[in-house]
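S.K.: Could you look at this predicted model? Sequence included:
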Amino acid sequence: MTPAPIILRRALPRVCIIGGGIVGSATAFFLARGGCPVELLERDTVGSRASGVNFGGVRRHGRAVAELPLAIRSRAIWPRLRELIGHDCDFETPGHLKVAQTEAELEPLARWAAIGRAHGLTIDLLDRGQLRRDHPWLTHDLAGGSFCPGDGYANPRLVAPYFARAARAEGAVIREGHPVLAVEDTAGGGFVLHGPLGARHEADVVVNAAGAWGGAIAGQLGLDVPMVSLAPQMFVTEPTTRRIGPVLGMVSGAIYLRQSVRGNVIFGGGRGSVHPDGLRSRPAEDVFERSPALVRALIPALAGVPLIRSWTGIEGNTPDGLPVIGESGGRAGLIHACGFSGHGFEMGPGVGETLRDLILTGDAGLDLSAFSPDRFAVPPAIRSA
Amino acid sequence: MPVEAAPCVAIIGAGPAGLRAAAALVAAGLRPVLLDEAPEPGGQIYRRPPPALRPALAPAKLYGPDASRARALHEGFAALAGAVDHRPGTMVWNATNRDAGGFRLMLHHTSGLRSALDCDALILATGAMDRILPMPGWTLPGVWSLGGAQVMLKGQANLIGRRPVFAGSGPLLYLIAGQYAAAGGTPAAVIDAASFGAKLRAIPWLAARPAVMLRGVAMTALLRARGVPLLEGCHADRIEAADDGLRVHWSGARGTGFVTGDAVAIGHGLKPEHLLADILGCDRRYDTGARQWLVHTDAEGRSSQPGLYLAGDMAGIRGGHAAETAGELTALAALADLGRAAPGRPALRRALIRQDLFRKGMERAFPFPSDRVADLPDETIVCRCEGIGAGDLRQAIRLWQPADVNRLKAMTRCGMGRCQGRLCGDIAAGLLASETGRHVADVGSLRGQAPVKPLPAGRAEAATAIVP
Ligand SMILES: Cc1cc2nc3c(=O)[nH]c(=O)nc-3n(C[C@H](O)[C@H](O)[C@H](O)COP(=O)(O)OP(=O)(O)OC[C@H]3O[C@@H](n4cnc5c(N)ncnc54)[C@H](O)[C@@H]3O)c2cc1C
């Protein structure tokens, strides 16, 4: 794709993006590529928050139905990263295996398989025997599983930085160490964003891609997006024999796990604590015991493999667990894309492409109504009652 | 009659600093908890061979002129049996600041048992580890760290080779080469980056402890007498596997050449084992003499965190004698802060000042060759856990212009392995500084994360908090 001619470019809105996680960076890239003048303002460094420290799962399997079209759109971008942003970001597709511990847990797997297939995905349901045969490294106590080929993982530390770098190459301005301190809705229809040392940034369109801190930005603009900050806890082991093919998840959600090319086993499960300042988080003591024990029960061969590190990251969680994506009813040009909780890494590239379409053509190309930023707003009548 | 509960003071590390701290606390009527990974007290310097090997390794042979000190420490500690809650084989893998003040330590015992320990005050006496300037070939089989070579001798009564080459910088090169010679080895050479001139110029500081200085001179004389080539002012540039053994190529004051041995021990000094202090949020400062980051302490070992004290090499590399002084002084400082009598601190402080002058002399005599980091050949492995080379780091630095070394770690994996960047962190920082024209103090240092050491699978103990 060649950038839009300069003459057209002037007609395009000036977009200011708050937050340089995967969502903000991908949005900056696709918009800059579409010819928009883009400015991305990041408080820390690009991709240093949730987007840089997550599990790296690129998974459609088991996603909330409302998210599935977006997840599928995004998945189509992942294999094109090298062509688009100059690096494949270690994207691998060994498939995703969800395992059920009890017969009762097989039921939701079967239910979801029907949904996945209706959306065009291949889903293999495995009974106890098949699971044991295909994945002998798993404990034999499992009731069954569900496998989605084509899902996989990527290196979270690379994706947002490469998107931002490519966006810059397309003309976007990327400012790191540049927090947005206030957003002002001007009378003239545009916005002014206030940065450090009196910096002012004028924009026709603002994208709130501030992750777990997006609720606070929305609040500044009078929109109530309830969001709690959670800190999922991750672990990595020393490298060990490569035996775990697919990315693994438990139906219960207690553990998600994969093995890197070097042999390290990376897993998540449980949550650490978020510091009252909302900016820092740390692993929790009890999770240090519980999650590794669950992993050893799941994969007996990992019993002797030591842990070498644990960490947490901060994600924003809405009451219904779905992100907030799209324009807020009251204000054209103000677009939210935050609160992705555990799903934003996989969906980030797709969100960028979708917002490009929304901003440049007015048509997102997807039904975003389930993600409406206004869905939590309490109608005035009820509020006064 | 209500008895006020005695405060719980925990000490991590049973080397000279930790043992002396424990003794001082016992003398004040407390029962400290002493935690150490090793099965026996002594630390690195006074490490003891397993009982079966002890007859073969008399203290005089193992510790040389320090044998009497070693004996005094070991015996002194044995006399405290029962007065100290000594927990050998116990790794502290995480620590947190308690809301109510004090600290919670997460313990892993070699038996697999896990527990937590709450304490009111904490003395970190976690010692130091090898500091190494990497070179091509340093990851070959047969290449050891200097400390590793010493552990092999003291802990296993074994040698890394019959004709090992000792290369790097620092007094330990001569000490350990001498210990190997005494134990029946024939060191092939000592290649020491520090020049004779630098050592001469350091004499005014070293003279603060004339006896120790003279011992150093005697050590070199002994090696010379045994015909061991001492290549002062020469850098080990690379190691290569050849038919006849490992070749260490060197260059420097004496031109260029190579020495062949059946093993190589490398070390360029020591660095404090500071991860627990980092996790607990202690302030650090870049020390231009030591050319590395140190945890900040006052003259008596208080860190920036109330109730948290540092003693021994972990507070700055001053060696075993100073560690004893600092251990005692720090314990007294902790006692004073707990409102207890703590007499005798001024004399200890004065002794430590003298030992500090000597340290400054050592830093002048054997400066870490940090200027050579900029010139490391691209093929040099810097992070051996993850296999990241100097060239990989340079490329990432050019591409990302990282603001600090933690960002460089994120972009390259350098420092993400089992050693948590203990070995590679300051080398990566040095490369980042030189490639971007900054001072190494301005590119930060790697953040520590729990577990501070690889954590084996555990079994949780029923009681999580034990407050003696
Ligand atoms: C441990 C963990 C594991 C996870 N595993 C997965 C997984 O396997 N698969 C998956 O799909 N998802 C996963 N997620 C979720 C995923 O990481 C997030 O949903 C996703 O990264 C969100 O991207 P983001 O860009 O919205 O947020 P972030 O990456 O948090 O980016 C938001 C950015 O906004 C910046 N910012 C905030 N306020 C301001 C301001 N006022 N001014 C300027 N900048 C500001 C922040 O500094 C930050 O860089 C995981 C999350 C965590 C924490």
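M.R.: It's in.

S.K.: check contacts around the closest residue to chain B within the stretch 251-385 of chain A.
M.R.: Residue of the stretch 251-385 of chain A nearest chain B, by C-beta to the nearest C-beta: residue A:306 (3.7 Å). Quick note: C-beta positions are derived from backbone N, CA and C, even for glycine. Residues in contact with residue A:306 (C-beta atoms under 8 Å, 6 or more residues apart in numbering or on different chains) are A:237, A:238, B:418, B:454, B:455, B:456, B:457.

S.K.: Run the contact check for stretch A:73-93 versus the ligand.
M.R.: No. Using C-beta under 6 Å from any ligand atom, stretch A:73-93 stays clear of the ligand, coming no nearer than 9.0 Å.

S.K.: Mind checking the pLDDT average for that stretch?
M.R.: Stretch A:73-93 carries an average pLDDT of 98.

S.K.: send the alpha carbons of it over as CSV?
M.R.: Extracted in CSV, the C-alpha atoms of stretch A:73-93 (Å, rounded to 0.1, in the frame of the first residue of the first chain):
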residue,chain,number,x,y,z
ARG,A,73,-9.8,-10.2,11.9
SER,A,74,-6.7,-9.6,14.1
ARG,A,75,-5.4,-13.1,13.7
ALA,A,76,-5.2,-12.5,9.9
ILE,A,77,-2.7,-9.7,10.5
TRP,A,78,-0.3,-11.6,12.8
PRO,A,79,1.3,-13.7,10.0
ARG,A,80,1.8,-10.5,8.0
LEU,A,81,3.9,-8.7,10.7
ARG,A,82,7.2,-9.1,8.8
GLU,A,83,5.7,-7.5,5.7
LEU,A,84,3.9,-4.8,7.6
ILE,A,85,6.3,-3.8,10.4
GLY,A,86,9.5,-5.4,9.4
HIS,A,87,9.7,-8.2,12.0
ASP,A,88,7.7,-11.4,12.6
CYS,A,89,7.8,-10.8,16.4
ASP,A,90,8.5,-14.5,16.9
PHE,A,91,4.9,-15.4,16.0
GLU,A,92,4.4,-19.2,16.1
THR,A,93,1.2,-21.2,15.5
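
S.K.: quick one: contacts of that stretch?
M.R.: Residues contacting stretch A:73-93 (C-beta under 8 Å, 6+ apart): A:29, A:58, A:60, A:149-155, A:158-159, A:162-163, A:165-166, A:261, A:346-351, A:353-354, A:365-366.

S.K.: Residue of the stretch 151-300 of chain B nearest chain A, please.
M.R.: Counting by C-beta to the nearest C-beta, the stretch 151-300 of chain B gets nearest chain A through residue B:279, at 9.1 Å.

S.K.: Surely that residue is in contact with residue B:451?
M.R.: No. In this structure residue B:279 lies outside contact range of residue B:451 using C-beta atoms under 8 Å: 10.0 Å.

S.K.: Show me which of the two is the more surrounded one.
M.R.: residue B:451 (24 against 19; other C-beta atoms under 10 Å in any protein chain shown).

S.K.: Could I get the contacting residues of the residue of the stretch 101-250 of chain A found nearest the ligand?
M.R.: Using C-beta to the nearest ligand atom, the single residue of the stretch 101-250 of chain A nearest to the ligand is residue A:211, 2.7 Å away. By C-beta under 8 Å, 6+ apart, the contact list for residue A:211 reads A:19, A:21, A:23, A:49-51, A:314-316, A:338-340, A:344.

S.K.: The contacts of stretch A:73-93, buried ones only, as a ChimeraX selection?
M.R.: In ChimeraX, this line selects whichever of the contacts of stretch A:73-93 come out buried by 16 or more other C-beta atoms under 10 Å in any protein chain shown:
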select /A:29,58,60,149,150,151,152,153,154,155,158,159,162,163,165,166,346,347,348,349,350,351,353,354,366
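
S.K.: out of the contacts of residue A:211, which touch the ligand?
M.R.: Among those, the residues within reach of the ligand (C-beta under 6 Å from any ligand atom) are A:19, A:21, A:23, A:49, A:50, A:51, A:315, A:338, A:340, A:344.

S.K.: looking at it, the fourth one is touching residue A:312, isn't it?
M.R.: Translated: residue A:49. No. Counting by C-beta under 8 Å, residue A:49 stays clear of residue A:312, with 11.2 Å between them.

S.K.: In terms of helix, strand or coil, where does residue 107 fall?
M.R.: No chain specified, so I'll use chain A. helix (DSSP: H, G, I helix; E, B strand; the rest coil).

S.K.: not what I meant, chain B
M.R.: With three-state DSSP as the criterion, residue B:107 was assigned strand.

S.K.: I'd like to know how far residue A:23 sits from residue A:256.
M.R.: Distance check for residue A:23 against residue A:256: by C-beta to C-beta, to the nearest Å, it reads 21 Å.

S.K.: cool, and residue B:406?
M.R.: Where residue A:256 is concerned, residue B:406 sits at a distance of 25 Å (C-beta to C-beta).

S.K.: With adjacent residues omitted, what lies nearest to residue A:119?
M.R.: residue A:68 (5.3 Å; C-beta to C-beta, 6 or more residues apart in numbering or on different chains).
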